[in-house]
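Trainee: here is a sequence together with a model predicted from it:
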Amino acid sequence: MATSVDSSGHEGLTQIDHYLESFPRYLRGQRGLSENTERIYLADMQTFRHYLAMEGLVLTDMDRQMLRGYLAWLATEGRSNREGFARVSVARKLTVLRTFYRFLVQEGLFRSTPVPSGQSFKVKVAKTLPDFLGQREVTRLMDAPDETTVHGQRDKAILETLYACGVRLAEIHGLDVDDINFSSREILVRGKGSKERLVVFGGPTEQALWHYITVARHELTDRPTTALFLNRYGERLSRRSFEKLVRKYSVQAGTRSAVHPHTLRHTFATHMLEGGADLRVIQELLGHTSPTTTQVYTHVTKQEALTAYLSHHPRADEPANRMRPSNLSEDSLPEEHVSTGKDD
């Protein structure tokens, strides 16, 4: 493939760096992406930048052959430890690359994007079912914080909010005190793409939040701040801290070690569906733009129903592999083109 750079790839890097400087403005202003999604996009573009330098390519060299080479490199040795990226990561990086080249069209570098469309060129990955906790596990988790301490009261409110409202990590991290409306039991949440929605909460969450805001939060700072959840220095609690405390209490409660804030979001949706909630209502509460994203939880509950049937029904004495419907087997779960996980 012909190129217009020397072996160091210097010209190619100068070119892509020029466009990467203005790419974030495009992501925020025209695509309306969140700060967290923007970071993912830019990190994925650094991987592509490295590939250009390694192969001595420039942006205008892009065609189907070059794209195949990039994806093959990602899948086999794209990471620094010389191992390939997981297929879901490769699919996401392909989506990010398409977005970048659409941006380059707008910048005048191309008349039309040279990256093939998703209809003609895509990476398929198996759709994994979301992990979630059982109701008894949730009860143990909610009871894990020591509510006689300031941090325990804060953590209790965090766990209640994650499970009761099904919010994302980025969303709970960005909550302010004024976002809580106790009279209507609602929280104003700013989701992906700066989209706002209202989520509701019940009595236990109301009690935990009220006690934290009126008592414990004042112990964490005496300075004016809008942030809802604070660290020991009176500053907004970091995303990493949310992850660590959820993991800590899950181990303490004896649930499992790999519990993440997103696990509680999946648990919220699954328990809502099991309780008979309409899928459209769950979609609204989760902030999903597409109903197909929410429908993954129907696969979860169907699998749970099948497991319960095989375990307890007197006529379910056949081996599980003979009873399992083909549309619920692990090998035949639907595949989809995974983009950036924007609706997770």
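Mentor: Thanks, I have it. Numbering: from 1, shown residues only.
Trainee: residues in contact with Leu188?
Mentor: If a contact means Cβ atoms under 8 Å, 6 or more residues apart in numbering, then Leu188 has Asp179, Asn181, Glu196, Arg197, Leu198 as its contacts. Backbone N, C-alpha and C define where each C-beta goes, glycine included.
Trainee: and these as TSV, adding distance to Arg25, pLDDT and neighbour count?
Mentor: Shown next, in TSV, are these (distance: Cβ to Cβ, whole Å; pLDDT from 0 to 100; neighbours: other Cβ atoms under 10 Å):
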residue	distance to Arg25	pLDDT	neighbour count
Asp179	27	97	17
Asn181	34	95	13
Glu196	22	91	10
Arg197	26	92	16
Leu198	30	91	14
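Trainee: redo the residues you listed as JSON lines? Include secondary structure and distance to Arg68.
Mentor: Below are the contacts of Leu188 laid out as JSON lines (DSSP: H, G, I helix; E, B strand; the rest coil; distance: Cβ to Cβ, whole Å):
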{"residue": "Asp179", "secondary structure": "helix", "distance to Arg68": "47"}
{"residue": "Asn181", "secondary structure": "strand", "distance to Arg68": "52"}
{"residue": "Glu196", "secondary structure": "strand", "distance to Arg68": "41"}
{"residue": "Arg197", "secondary structure": "strand", "distance to Arg68": "40"}
{"residue": "Leu198", "secondary structure": "strand", "distance to Arg68": "46"}
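Trainee: go through these and say which is closest to Leu52.
Mentor: Distance to Leu52 across the contacts of Leu188 (Cβ to Cβ) is lowest for Glu196, with 38.4 Å.
Trainee: partners of that closest one in the sheet?
Mentor: Arg190 (DSSP bridges).
Trainee: you'd agree it is up against Glu186?
Mentor: No. Between Glu196 and Glu186 there is no contact under Cβ atoms under 8 Å: 11.7 Å.
Trainee: is Ile213 in a helix, a strand, or coil?
Mentor: Under the three-state scheme (DSSP: H, G, I helix; E, B strand; the rest coil), Ile213 adopts helix.
Trainee: burial of it, as a residue count?
Mentor: By the criterion of other Cβ atoms under 10 Å, Ile213 has 17 neighbours.
Trainee: what sits against it?
Mentor: Ala157, Val177, Ile180, Leu228.
Trainee: can you redo those residues as a markdown table with neighbour count, pLDDT and secondary structure?
Mentor: Output for the contacts of Ile213, formatted as a markdown table (neighbours: other Cβ atoms under 10 Å; pLDDT from 0 to 100; DSSP: H, G, I helix; E, B strand; the rest coil):
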| residue | neighbour count | pLDDT | secondary structure |
| --- | --- | --- | --- |
| Ala157 | 24 | 97 | helix |
| Val177 | 13 | 96 | helix |
| Ile180 | 18 | 97 | strand |
| Leu228 | 25 | 97 | coil |
